[in-house]
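In: Using only what follows, build the 3D model:
(2 chains)
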Number of protein chains: 2
Amino acid sequence: MRLALLLFSSSLVPKPRSPSKTLLLLPFSSAAAAAAAGAAEGMDSSASASASASASSVSLREALAEKQAAVDAQGDAVRALKARAGAGRAEIDAAVDALKALKLEAAALSRQIQSSAAAAVAGREALRQAVVNTLERRLFYIPSFKIYRGVAGLFDYGPPGCAVKSNVLAFWRQHFVLEEGMLEVDCPCVTPEVVLKASGHVDKFTDLMVKDEKTGTCYRADHLIKDFCKEKLEKDAALLPPEKAAEFQHVLAVLDDLSPEEMGAKIKEYGITAPDTKNPLSDPYPFNLMFQTSIGPSGLSPGYMRPETAQGIFVNFKDLYYYNGNKLPFAAAQIGQAFRNEISPRQGLLRVREFTLAEIEHFVDPEDKSHPKFGDVADLEFLMFPREEQLTGKSAVKKKLGEAVSKGTINNETLGYFIGRVYLFLTQLGIDKDRLRFRQHLPNEMAHYAADCWDAEIECSYGWIECVGIADRSAYDLRAHSEKSGVPLVAHEKFPEPREVEKLVITPSKKELGLAFKGNQKMVIEAFEAMKETEALEMKVALESKGEVEFHVCTLNKSVTIKKNMVSISMEKKKEHQRVFTPSVIEPSFGIGRIIYCLFEHCFYQRPSKAEDEQLNVFRFPPLVAPIKCTVFPLVKIEKFDVVAKKISKALTTAGISHIIDITGTSIGKRYARTDEIGVPLAITVDSTTSVTIRDRDSKEQIRVDIEEVASVVKEVTDGQSTWADVMWRYPTHAVSHTDEEPADEE
Amino acid sequence: MRLALLLFSSSLVPKPRSPSKTLLLLPFSSAAAAAAAGAAEGMDSSASASASASASSVSLREALAEKQAAVDAQGDAVRALKARAGAGRAEIDAAVDALKALKLEAAALSRQIQSSAAAAVAGREALRQAVVNTLERRLFYIPSFKIYRGVAGLFDYGPPGCAVKSNVLAFWRQHFVLEEGMLEVDCPCVTPEVVLKASGHVDKFTDLMVKDEKTGTCYRADHLIKDFCKEKLEKDAALLPPEKAAEFQHVLAVLDDLSPEEMGAKIKEYGITAPDTKNPLSDPYPFNLMFQTSIGPSGLSPGYMRPETAQGIFVNFKDLYYYNGNKLPFAAAQIGQAFRNEISPRQGLLRVREFTLAEIEHFVDPEDKSHPKFGDVADLEFLMFPREEQLTGKSAVKKKLGEAVSKGTINNETLGYFIGRVYLFLTQLGIDKDRLRFRQHLPNEMAHYAADCWDAEIECSYGWIECVGIADRSAYDLRAHSEKSGVPLVAHEKFPEPREVEKLVITPSKKELGLAFKGNQKMVIEAFEAMKETEALEMKVALESKGEVEFHVCTLNKSVTIKKNMVSISMEKKKEHQRVFTPSVIEPSFGIGRIIYCLFEHCFYQRPSKAEDEQLNVFRFPPLVAPIKCTVFPLVKIEKFDVVAKKISKALTTAGISHIIDITGTSIGKRYARTDEIGVPLAITVDSTTSVTIRDRDSKEQIRVDIEEVASVVKEVTDGQSTWADVMWRYPTHAVSHTDEEPADEE
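Out: Sure thing, here's the model as predicted:
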């Protein structure tokens, strides 16, 4: 279930759980394994080198293997020479020298591998440390309930973090709900069991857990195996034979597909013990990740805190369809808290027990997934990482969205449209487009019913992080709730006049199927229903000619033999007045906290202080997300500047611009540094009673603006109507007298 | 605990639980009891007639009692006449006629009482039905999980409701967080037990529950008693002797203060049984209203879904104080979900199991509660219902805020400032100022530590509803968390130079107190600490002169005898460099769902259709809260109007104005009616390719505006920069050709 953590719904389902099915078919070359591992890293938020770093470490390792082979060969040659009677001293010495030289080269390569891996790790960790220190010190976030020593996986957003979050959500509403005319809903977090039983969460929303057999401390089984493999790959890189490295990379790639038994076997094989105590571990067993509670006073109505917001939309489909005038397509959206009782949360804001999701469910006729506005995004070009590239060991490539859809890489226009809109959303927020890729799910990651899934992955110091999932989930969810509730969640297409249609009718014989497959009967019937028309007709022919046929049931992960008496398949003519169908749903699902954390890393940089004796921290937030749009600094503490500052503050408030006045006597440089550190785009310094300076955070340029115009200039820039360059051109540049920032003291 | 439902924290606490203490002291006159009952209604969201309606029913009932007395007297007179030997026929007949006339008058009064009560109830219920029907039909809200037959007390906001909610919250952020420079935080809902143990919720956040002894169905004990009394008062009004009516009203008034035993006794006395089955009921017992869960996989860390957002702020006090430059006063704010596992939710959106709270904690020096911006609100004049008026049977009166503070009715400026800001917030949202009052808590409602509490109550069909609580909670919360966590949550005031101070030192002798009071020792010590300086000095004098003194300990609800050896009180001189103190907190707490429901009722009205054969529904939402700001209607379905409509739509989107295009061929009148029903302020009808009409929802007036100007005119009006009257004056009025609305068909 690890894959499923953000976009849980896309892999919860009874999907073909074929351990290592796809990836075991790959040749065991280290390059392919590394590519597969790269893909696996992408699926998860685990620490991993960037694609290029990992590629260079692969080529170094190959070079080392070659060198090692050369050393071996030369060693053999030396031995052979020595054994040969007539070999001359000089000849032997030369061969030995050559061997020594080769060994030195191998050792150098080995050191190079080790240091490049170490440098990559150290660089990532130093960056993360600098970002996280700044975030915590400036109260972007705080471990929750800190005075009680906190709770793992729970964080508070402090004032600037909270403002960033509310800006991101406001922009999400503008960009998706308002611009696309979506129907936004707001459902409770407390959810009765029946709903999550229907969705499959009660039975399948689990992670595999192991317990320290002596202390009872719980760990995620896959985490322990992953940590073990990573440590081997990173710390012992030089000593590791290439086959061994490839094996560990392979395990990382297929980890999500391992059964409890297979994970247990790996833990035993590798001798993995409890990290803190080194005690032996229990066998892995599933732990449900939902927070359970009880609704009402009787204690008889179990409920859960929702693990995603999507179900609230699905159960309202009928009303929303009616609200939309009984017309498709339409999209519903929801922003809200979701809860997952992680076994052992880690990676700061990336894997938490409570988080904000923003989800869209776009309902569409399965026979027409075109999108009228696809043209608006077709020309966008960005990094995509399709299945094909992942499986052949290539890396993500820049593609035009229009081509990706027309060539069938992306399944349909609507899915493509949302991928394009997500790209625009993330880059407008300030995500670096070179550290953003759209990765297609591999066949073994996807639910059997899913038509196609893509994750928007953002690269940060923890590796490639899945931040948005965009999945074509077909009719699965609506069907599941129709079945459980007995309320048909369907759409109608009325024909202008009745149509005579030839229809494929598949009638399973429940009796025969029951006798043959017992408990598995249901899965076989579902597989019949999932057949395409051509497949069904092929089966019909085969049954008629041979009397039986082999049939792959993916939910059983095996083929079964279907006999003629088990199913009847025929084409029948019918008159129809309307078409009744279950809509497909295309689901973009946003992990808001993850996006925000990646945004923090992408916006962060350091620059030297005036005295060049210190590195100062800056967040280059676009005005759209900046927690505070501008600051007002009276240059010195005198009455008349104070009056001006208050006047400007009032005008800013009227214009709806969030700002702070800093009247501390501190030097202006220190005040600049202080606000750079929370990413305030503009700073107004009051140094006269008629005009003031406005300073741009990143360029440190300043312009001089009349007091009456200040609020409107700030509004123009922070609303995005103008850029800094635009206003620079219009107003006189200010002589750089109070520009440079100094290290901020502790306030 | 019923009082505490919105503003739980203000009455959770170990407050003097003196059953009927205050109110039992009142004379048992029906007027006073009715006034007290009116006050009690205010505290709660129960259905109750408006103040004036209930006053008129009281005077009718008094008239009936007088009439009844007259009938009795006349009956005696007739009997006396008949018994007297010399009474003439004519005299007797006249007396009998007079008796008959009196009886007729009494019967008429009795009918009048019954019908006026019934009419009031019927009027309220008809209004509510019309509002709720419209709200549910237009998907403002939906019972959650409807296809699974729902869960009591859980509701979804559908598209228009969700938009209203997000507008209300955005305005809240602008009005409070931005304008006041508050520190907004965002904390998780999942909360570990220790936090809620410290706050008192684990032990005291309970309601009294009774069970149907046969079926096990649970009921709130106070609800059953209240329903019983109300039914007696409303349905049996005419038959009820005035003493009996007064008794029931008295019970309603003191219900919240009854102990489990007293409630059990009332249930027995009145013969109340389970409403559905008429089975006998169990004795009342407390049920904790928090949703419980377990954090992490071990099952050993109990947690709860937070019952309020305030605790997340208190536990962060230290960081927030630092963030604010170690300066007071400052306010922190939080918007988020809160959860209360109600025993038997009712009254639709007013009493639910999950709801959005918006809370402010304003931290202030207890010795200086002045507010620099109080002058901005001092001239506001609105309905206040101070303690004094409630206890003397008067009704709410219009007062100037400045006077209420200067006369001490409202405890301090900061509390007064927030009351004023809340008044502005609610009335700007669209709450009718004549159905909004600020009611002061009675002494028995308030926690012992609280300095003063006021509720903003809004009158709707369910009575006066507590929607915002504004409480001066003194230092209670910070002290509780300091004590439990061991982390001092205090503020410092550094003196420019050390000061010699004379300080009152109270040193309890734990040994003597322990011997005397055993388990109650802690409460006695706390009461010592809570003493004002004058009280302590009085005690010192008394102990020195008499050797002992009676001392009221409010948490014990009794007086105890303090002897000289139990405590030493003295004035000592000390040199101090700074003052270290626990800040007071002033807490405005907003029940967003309740405010929104009341807003729905206040904005709703009906007007006849064009043909006058039907009542059409309108929500007169101010543009600020309207879910959609305008609609675009091509007058007829032709290409060129469609093009114009799309062009306007694009301009509206760019301007950030939420809107919908309705291209259904329906008559323009029907389309107007449809959008009036969801409160869209402006409708644009495209009837030419150069200019369009804009129609105002409430006046139905129309102006003609050039296509290029449409978006900016709409923005002006919906942003609140101009009123409809302003733009009416600037643009030509449109001849009323497609004005009147018709009943909307089902879409």
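
In: ok so A:Ile458 is a strand residue?
Out: Yes: with the criterion set as DSSP: H, G, I helix; E, B strand; the rest coil, the secondary structure at A:Ile458 is a strand.

In: Nearest spatial neighbour of it, chain-adjacent residues omitted?
Out: Closest residue to A:Ile458 apart from its sequence neighbours, by C-beta to C-beta, 6 or more residues apart in numbering or on different chains: A:Cys598 at 4.1 Å. Just so you know, the C-beta spots here come from the backbone N, C-alpha and C atoms, and that holds for glycine as well.

In: likewise A:Lys211?
Out: Counting by C-beta to C-beta, 6+ apart, A:Ser282 is the residue found nearest to A:Lys211 once chain neighbours are left out, at 4.4 Å.

In: thought that neighbour was touching A:Glu213?
Out: Yes: the pair A:Ser282 / A:Glu213 is scored as a contact, 5.7 Å apart, by C-beta atoms under 8 Å.

In: how about the residues of the stretch 1-150 of chain A near chain B?
Out: Taking C-beta under 8 Å from any C-beta of the partner chain as the test, the list of the stretch 1-150 of chain A residues beside chain B reads A:139, A:142, A:144-148.

In: hmm, try it at 10 Å
Out: Within the stretch 1-150 of chain A, the positions lying close to chain B (C-beta under 10 Å from any C-beta of the partner chain) are A:136-139, A:141-142, A:144-150.

In: closest to chain B among the residues you listed?
Out: Closest approach to chain B among these (C-beta to the nearest C-beta): A:Ile147, at 4.1 Å.

In: right, and the residue nearest to A:Ile458 touches A:Gly348 too?
Out: No: with contact defined as C-beta atoms under 10 Å, A:Cys598 does not count as touching A:Gly348 (11.6 Å).

In: Overlap in contacts, those two.
Out: Between them, A:Cys598 and A:Gly348 share the neighbouring residues A:Tyr462, with contact defined by C-beta atoms under 10 Å, 6 or more residues apart in numbering or on different chains.

In: Of those two, give the one with the bigger neighbour count.
Out: Of the pair A:Cys598 and A:Gly348, A:Cys598 is the one with more neighbours under other C-beta atoms under 10 Å in any protein chain shown, namely 28 against 19.

In: if we can go back for a sec, run a quick neighbour tally on the residue nearest to A:Lys211.
Out: A:Ser282: 17 surrounding residues under other C-beta under 10 Å.

In: now swap in A:Leu515 and tell me
Out: As a measure of burial, A:Leu515 has 12 neighbours, counting by other C-beta under 10 Å.

In: need the contact list for it.
Out: Contacts for A:Leu515 were tallied using C-beta under 10 Å, 6+ apart; they are A:509, A:521, A:565-566.

In: mind listing which of those are in helices?
Out: With helices defined by DSSP state H, the entries of these inside them are A:Gln521.

In: Mind picking the one among the contacts of A:Leu515 that's closest to chain B?
Out: Compare each of the contacts of A:Leu515 with chain B using C-beta to the nearest C-beta and the shortest gap goes to A:Gln521, at 26.3 Å.

In: For A:Ala516, which non-adjacent residue is closest in space?
Out: Computed as C-beta to C-beta, 6+ apart, the closest residue to A:Ala516 that is not its neighbour in sequence is A:Met566, at 6.6 Å.

In: how close does the one you found sit to A:Val560?
Out: Separation of A:Met566 from A:Val560 (C-beta to C-beta, to the nearest Å): 10 Å.

In: Look up phi and psi at A:Glu342.
Out: With angles defined as degrees, to the nearest 10, A:Glu342 sits at phi -50, psi 140.

In: residue contacts, it?
Out: In this structure, A:Glu342 makes contact with A:5, A:152-153, A:207, A:220, A:287, A:289, A:351-354, B:295-297, judged by C-beta under 10 Å, 6+ apart.

In: Who wins on neighbours among those?
Out: When those are compared by neighbour count (other C-beta under 10 Å), A:Gly153 ends up highest, at 26 neighbours.

In: Quick one: neighbours of the closest residue to that residue other than its chain neighbours, just the number.
Out: Leaving aside its sequence neighbours, A:Gly153 sits nearest to A:Pro345 (C-beta to C-beta, 6+ apart; 2.9 Å). Neighbour count for A:Pro345, taken as other C-beta under 10 Å: 19.

In: What's the separation between A:Pro345 and A:Leu289?
Out: According to C-beta to C-beta, A:Pro345 and A:Leu289 sit 11 Å apart.

In: hey, what's in contact with both of the two?
Out: Both A:Pro345 and A:Leu289 are in contact with A:Arg353, where contact means C-beta under 10 Å, 6+ apart.

In: Could you list every helix and strand in contact with the host helix or strand of A:Arg128?
Out: When elements are assigned from DSSP states H and E, A:Arg128 belongs to helix A:89-137. Based on contacts counted as 3 or more C-beta pairs under 10 Å, 6 or more residues apart in numbering or on different chains; DSSP states H and E, the elements that helix A:89-137 packs against are helix A:51-83, strand A:141-143, helix A:221-235, strand A:452-460, helix A:592-603, strand A:604-608, strand A:615-619, helix B:317-323.

In: Roughly how far does A:Gly123 sit from chain B?
Out: Separation of A:Gly123 from chain B (C-beta to the nearest C-beta, to the nearest Å) stands at 30 Å.

In: what's near enough to touch A:Ala101?
Out: Each residue near A:Ala101 by C-beta under 10 Å, 6+ apart is listed here: A:71, A:74.

In: how close does it get to A:Val352?
Out: In this structure, A:Ala101 and A:Val352 are separated by 54 Å, where distance is defined by C-beta to C-beta.

In: and if you look at A:Asp698?
Out: The value you get for A:Asp698 to A:Val352, if C-beta to C-beta is used, is 31 Å.

In: Go through the host helix or strand of A:Lys511 and flag the buried ones.
Out: Here A:Lys511 sits within helix A:510-517, counting by DSSP H and E. Neighbour-count burial for helix A:510-517, with 16 or more other C-beta atoms under 10 Å in any protein chain shown as criterion, is recorded at A:512-514, A:516-517.

In: Next, format those as CSV and append pLDDT.
Out: As requested, the buried residues of helix A:510-517 are exported to CSV (pLDDT from 0 to 100):
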residue, pLDDT
A:Glu512, 88
A:Leu513, 89
A:Gly514, 88
A:Ala516, 89
A:Phe517, 89
